[in-house]
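J.: Curious how this folds, go ahead:
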Amino acid sequence: MDKPRVLVLPPPSLYQVLFSRQTEERLSRFARVTRNEQDKNLSSEELAQIIESFDGAITSWGSPRFTDEVVEKAGKLKVIAHAAGSVKRFISQAVIERGIVVTSAAIAIAVPVAEHCLGLVLASLRNTVRHNNLFKEKGVWGTPELREKSRSIHGKKVGVIGASFTGREFIKLLAPFDCQVLVFDPHLSEEDAQGLGVKCVSLEELLRASDIAALHAPLTSETQGMLGARELALMKDDAVLVNTARGKIIDHQALLAELKKGRLRAALDVTDPEPLPQDSPFRKLDNVIITPHIAGFSPVSRVAVGRMAAQSVIDVLSGRRPINQVDLKRLSIIA
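T.: Numbering: from 1, shown residues only. Sure, this is the predicted structure:
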């Protein structure tokens, strides 16, 4: 019996980051694997020209959209395993209608994102970056003002916006700190909230009550611009806002206005636009930490992403349901 055929779309530079030798060998034992050997991502038109004979495809960051033309040519295709998080950009209605199984490795990325979020929270509360910069640039060994504003996370109210994979991992990391965790997520059931040990609240209640608010929601039509001037004005003085989700969820002009008042602290791993231009006022503010969209990056998580994608292909083509299948009926409300 012939092995199934699998097309791996990430170009060589990304492939080497995602696929360990063990993963590569395991997939090759199961299937006849064809890799993208070009030093670039293929276009949808190029994909349409080669997809016809493949039973499965592995995608990642930068992979082409599976357009109507691609799906029409992909008569044998049973699974698209995404070696990354969000599948929205490359999945078309044709994929859904054909019943092609789509999987995501978002759960493998969730842990490092949650860790980075917690790190940003702690650094913001303790003014770590400002202390560092003052000492390195001016030789100042702390100031009374910064020492006075230093705070602990223990016992604080933490608002989590979005009970996504990353939101849930972040909630787990809060366990040792005796925090009261509030969650806003219209799609989180009371039963699930009880299982997580959190309290479901409205967005307004979360913003008013939280000492720390962390964004873990996907970017959708509902969440774009969700935190605007009205919402940010609800936040407590000296509250911390952390965004490791998507920049467009926050109205940056409204956030800038609040930060200029010195009323809030913010930590942004994602921005709008990204990166912020050289003359952006955000770059000059002491009460904001900016990191270059690195929350999801760790060598261990990248290898896990590749391993998960390969396992998904093996599961589907062996007749098993993969553990990380995306519910495409909910595509509009997920990442």
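J.: For the nearest residue to Leu120 once chain neighbours are set aside, what is the enclosing helix or strand?
T.: Take Leu120 and drop its neighbours on the chain: the residue closest to it by C-beta to C-beta, 6 or more residues apart in numbering is Ala267, 3.7 Å away. All C-beta spots, glycine's among them, are computed from the backbone N, C-alpha and C. Mapping Ala267 onto the secondary structure by DSSP states H and E places it in strand 265-268.
J.: for Val158, same thing?
T.: Element membership for Val158, per DSSP H and E: strand 157-161.
J.: hmm, back to that, and the next element down the chain from the strand holding Ala267?
T.: Using DSSP H and E, the helix or strand that follows strand 265-268 towards the C-terminus is strand 288-290.
J.: Kindly format the C-alpha coordinates of the helix or strand just after that following strand as CSV.
T.: Per DSSP H and E, the first helix or strand lying C-terminal to strand 288-290 is helix 299-317. What follows is helix 299-317, C-alpha atoms only, in CSV (Å, rounded to 0.1, in the frame of the first residue of the first chain):
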residue,chain,number,x,y,z
PRO,A,299,13.1,27.4,20.6
VAL,A,300,11.3,24.7,22.7
SER,A,301,7.8,25.9,21.6
ARG,A,302,8.8,26.1,18.0
VAL,A,303,9.9,22.5,17.9
ALA,A,304,6.7,21.5,19.7
VAL,A,305,4.7,23.4,17.1
GLY,A,306,6.3,21.3,14.3
ARG,A,307,5.9,18.1,16.2
MET,A,308,2.2,18.8,16.8
ALA,A,309,1.6,19.6,13.1
ALA,A,310,3.3,16.4,12.0
GLN,A,311,1.3,14.4,14.6
SER,A,312,-2.0,16.0,13.3
VAL,A,313,-1.3,14.8,9.8
ILE,A,314,-0.4,11.3,10.9
ASP,A,315,-3.6,11.1,13.0
VAL,A,316,-6.0,12.3,10.3
LEU,A,317,-4.5,10.2,7.6
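J.: all helices for this structure, in order.
T.: Remark: helices assigned in the chain by DSSP state H are 12-18, 21-30, 44-50, 68-73, 93-98, 106-125, 128-138, 144-149, 165-173, 190-196, 203-209, 229-233, 252-260, 299-317.
J.: Can you list the neighbours in contact with stretch 323-335?
T.: The list of residues contacting stretch 323-335 from outside it, by C-beta atoms under 8 Å, 6 or more residues apart in numbering, reads 85-88, 91, 95-96, 101-107, 164, 187, 218-222, 308, 312, 315.
J.: ok, the residue nearest to Leu120 - how many residues close by?
T.: For Ala267, the count of nearby residues is 26 (other C-beta atoms under 10 Å).
J.: Pull up the gap between it and Ala123, please.
T.: Here the criterion is C-beta to C-beta, to the nearest Å. By it, Ala267 lies 7 Å from Ala123.
J.: Next, show the common contact partners of those two.
T.: Contacts common to Ala267 and Ala123, judged by C-beta under 8 Å, 6+ apart, are Ile289.
J.: contacting residues around the closest residue to Leu276 other than its chain neighbours?
T.: With sequence-adjacent residues excluded and distances taken as C-beta to C-beta, 6+ apart, Leu276 is closest to Phe282, at 5.5 Å. With contacts defined as C-beta under 8 Å, 6+ apart, Phe282 is in contact with His252, Leu256, Leu259, Leu268, Thr271, Leu276, Val288, Ile290.
J.: Among those, which one sits closest to Gly142?
T.: Relative to Gly142, the closest of those is Val288; by C-beta to C-beta it sits at 20.0 Å.
J.: residues touching the closest one, list them.
T.: Contacts were defined as C-beta under 8 Å, 6+ apart; by that measure Val288 touches Leu259, Arg265, Ala266, Ala267, Leu268, Phe282.
J.: thinking again about what came up before, pull out the buried residues from the contacts of Phe282.
T.: A residue is treated as buried here by neighbour count (16 or more other C-beta atoms under 10 Å); on that basis the buried members of the contacts of Phe282 are His252, Leu256, Leu259, Leu268, Thr271, Leu276, Val288, Ile290.
J.: before we move on, the earlier item: starting at the chain centroid, how far to the strand holding Val158?
T.: Here the centre of mass of C-alpha atoms in strand 157-161, compared against the chain's by C-alpha atoms, centre = their mean, to the nearest Å, lies 17 Å away.
J.: Now do Ala83: how many residues are near it, please.
T.: Counted with other C-beta under 10 Å, residues neighbouring Ala83 total 31.
J.: What sits closest to it if chain neighbours are left out?
T.: With C-beta to C-beta, 6+ apart as the measure, Ala309 is the residue that lies nearest to Ala83, at 3.8 Å, once sequence neighbours are left out.
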